[in-house]
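Chemist: Take this sequence and fold it.
(one chain, ligands or ions: 1)
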Amino acid sequence: MTVVRNNGRSKAAGFSDKTRKPYRGFMPNIWHGSGPMSVDVTDWWHQSTCQMKRVLNLTRKLALKAHYLDIIGAVGLSHTFAAQATRPGSDAEQISASWTQHVNNGLQRLAFLAPLVVRAIPIVTKAPLPLMRSQGVIKTIVTRIGRRIIERERAALGVAGKDSSLDISSNDSGRVDIISVLLGNRRLASASEKLSDTQILDNILTFTMVGHETTAGSLAFTLWELARHPEIQNRLRAEILAHRRDLSYDEIQKLEYLDAVVREGLRIHPASPQTERLILRDDVIPLSTAIPGIGDSFRVKKGQVIHIPFTPMNTNPSVWGPSGAVFDPSRWLTARDPAAPALPHGWSGMLTFCDGPRSCLGLRLAVLEFKIILATIVRSIAFADTGVHVEEKISPTLQPVVNGQGGYLPLRLKLI
Ligand code: HEM
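Modeler: Just a heads-up that it's a prediction; the model follows:
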């Protein structure tokens, strides 16, 4: 198997997904910042049912307002972004405005060249270009918030003012959230594995941005599908209305059609539809089906960057059948034909959360909050298509684009 690693500049290459609508507009992803994700929170995050129950309580409280920034703030950082308060100049408002700006910059005609330029001349990320400035604004805001969070943790531990560094020497608060795990690293890790201040701040930045934009985008596209498929929407609502409003964690897991709709939304509209990996040594990649002119394998060389397009892999007709690109939740309710080709690795056989050691750390939180918010919204609101032409473009995550404007997805709503 080829040895690859995340090169810290994921999503920097473009592709044209020929099986569906054309994409354009790519931006390098700098959310990973300069620090690696060196704290292993995977087990803690993926396996702790207690944590999930806490998430459930928090997300239920926040669900009606459906603001994912508040959710990641609450469950990840014990920080209140108060995203619902659209107070001009608030952190949430600034992050949102800069992100919209950033999305629209990435939709410019020549934006697809940006990753290539960044790769060739990395210093360009420091240039005062509008393309870079919007990312810089978000990084500045979240870094400021991150410093406040770390100082608050220090104060809570009674070590405030002991020294001027951000170092936390113990973490006995008993809380289990991302920030306490990151800071606990200072106490538990050996000297060579301790996270630096910059790495902790980079992690806060990563969690803040990937922890809300992706889930919000997935929900928006799924609501769009429900608006275009009233029969699916009605069936989902019927399932939800058959249960009490205040669903427990275990009850939410039992809603089969909700589960199917969420999986299908994530399969067809992966919020982060592509990534790339750097080849660490020369190797040969075997192909399951020979390609004319290439054969049944191809060589890769150390230093090459390989592009991994999730959407065609998630919808490939040879794996998912002729209706592979169609939004059809019922495919998750029937047993898969044993003669059909095996699904790829990755959650539910899809690449939406990537796969392998650098796959999404927030998978379970993402799916859980998605289910709770979708169930809460669909219970009370009916969605209809507006007939407006919506395009899907990558900038840098999957974005709805209407008349050249990114980040808007018009839907007609009716209270039930
Ligand atoms: C529907 C929602 C989400 C989708 C589709 C998604 C997708 C992904 C993908 C594809 C990657 C791999 C990126 C790459 O290597 O190029 C990733 C990484 C990551 N995700 Fe998510 N994500 C979602 C929600 C979340 C949430 C809610 C959190 C935080 C709680 C989160 C935290 C992370 C982190 C920290 C990484 C970096 C992991 C690493 O580099 O080791 N994600 N996500």
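Chemist: Low-confidence stretches in the stretch 1-150 of the chain?
Modeler: By pLDDT under 70, the weakly predicted segments of the stretch 1-150 of the chain are 1-67, 82-87, 110-115, 118, 123-135.
Chemist: now the helix or strand harbouring Glu239: mean pLDDT?
Modeler: Assessed by DSSP states H and E, Glu239 sits inside helix 230-241. Confidence for helix 230-241, expressed as mean pLDDT, is 97.
Chemist: cool, stretch 300-316 as well?
Modeler: Averaging pLDDT along stretch 300-316 yields 93.
Chemist: hmm, that stretch touching the ligand?
Modeler: No - using Cβ under 6 Å from any ligand atom, stretch 300-316 stays clear of the ligand, coming no nearer than 6.9 Å. For every residue, glycine as well, the C-beta is placed using N, CA and C.
Chemist: buried sites along that stretch?
Modeler: In terms of neighbour count (16 or more other Cβ atoms under 10 Å), stretch 300-316 has its buried residues at Val300, Val305, Ile308, Pro309, Phe310, Thr311, Pro312, Met313, Asn314, Thr315, Asn316.
Chemist: What sits closest to the second one if chain neighbours are left out?
Modeler: Yep, that's Val305 we're talking about. Glu276 (5.1 Å; Cβ to Cβ, 6 or more residues apart in numbering).
Chemist: Are there helices or strands packed against the following helix or strand past the helix holding Glu239, and which ones?
Modeler: Going down the chain from helix 230-241, the next helix or strand is helix 249-254, by DSSP H and E. Under the contact definition 3 or more Cβ pairs under 8 Å, 6 or more residues apart in numbering; DSSP states H and E, helix 249-254 sits against helix 49-63, helix 363-380.
Chemist: picking up where we left off before, surely the residue nearest to Val305 and Pro309 touch.
Modeler: No - with contact defined as Cβ atoms under 8 Å, Glu276 does not count as touching Pro309 (9.8 Å).
Chemist: Most proximal residue of the protein with respect to the ligand?
Modeler: Closest residue of the chain to the ligand, Cβ to the nearest ligand atom: Gly362 (2.1 Å).
Chemist: Give me the nearest residue to that residue, chain neighbours excluded.
Modeler: Per Cβ to Cβ, 6+ apart, closest to Gly362 is Gly211, 5.7 Å.
Chemist: Torsion angles phi and psi at the one you found?
Modeler: phi -80, psi -10 (degrees, to the nearest 10).
Chemist: Return the residues in contact with it.
Modeler: With contact taken as Cβ atoms under 8 Å, 6 or more residues apart in numbering, Gly211 is in contact with Tyr68, Ile71, Ile72, Gly76, Gly362, Leu365.
Chemist: One more: Thr214?
Modeler: Applying Cβ under 8 Å, 6+ apart, the residues near Thr214 are Ala271, Ser272, Gly362, Ala366, Thr397.
Chemist: Tell me which stretches of the stretch 301-416 of the chain form helices.
Modeler: 310-315, 317-320, 363-380 (DSSP state H, counting those that start in this stretch).
Chemist: among these, which is nearest Ser180?
Modeler: For those, the distance to Ser180 is smallest for helix 363-380, at 15.6 Å, taking Cβ to Cβ.
Chemist: Leu287 against Phe298, yeah?
Modeler: Yes - the criterion here is Cβ under 8 Å, and Leu287 meets it with Phe298 at 7.1 Å.
Chemist: So which residues on this protein come close to the ligand?
Modeler: Going by Cβ under 6 Å from any ligand atom, the residues of the chain near the ligand are 6, 10-11, 37, 72, 76, 206-207, 210-211, 214-215, 218, 270-272, 275, 352-354, 358-362, 365-366.
Chemist: which ones among those residues are found in strands?
Modeler: Residues of these located in strands (DSSP state E): Thr275.
Chemist: Dihedrals phi and psi, the residue nearest to Ile268 when sequence neighbours are not counted?
Modeler: Leaving aside its sequence neighbours, Ile268 sits nearest to Phe327 (Cβ to Cβ, 6+ apart; 5.3 Å). Phe327 adopts backbone torsions of phi -80, psi 100, taken as degrees, to the nearest 10.
Chemist: give me the number of residues near Phe327?
Modeler: 20 (other Cβ atoms under 10 Å).
Chemist: What residues does it make contact with?
Modeler: Glu225, Arg228, His229, Ile232, Glu264, Gly265, Ile268.
Chemist: what's the burial count for the fourth one?
Modeler: For Ile232, the neighbour count with other Cβ under 10 Å is 19.
Chemist: just Leu226 next, same as before
Modeler: Leu226: 27 neighbours (other Cβ under 10 Å).
Chemist: quick one: it and Leu278, what's the gap?
Modeler: Between Leu226 and Leu278 the distance is 39 Å, computed by Cβ to Cβ, to the nearest Å.
Chemist: quick check, nearest of the contacts of Gly211 to Ser96?
Modeler: Tyr68 (11.1 Å).
Chemist: Contact partners for that closest one?
Modeler: Contact partners of Tyr68, counting by Cβ under 8 Å, 6+ apart, are Gly211, His212, Glu213, Thr215, Ala216, Leu219, Glu369.
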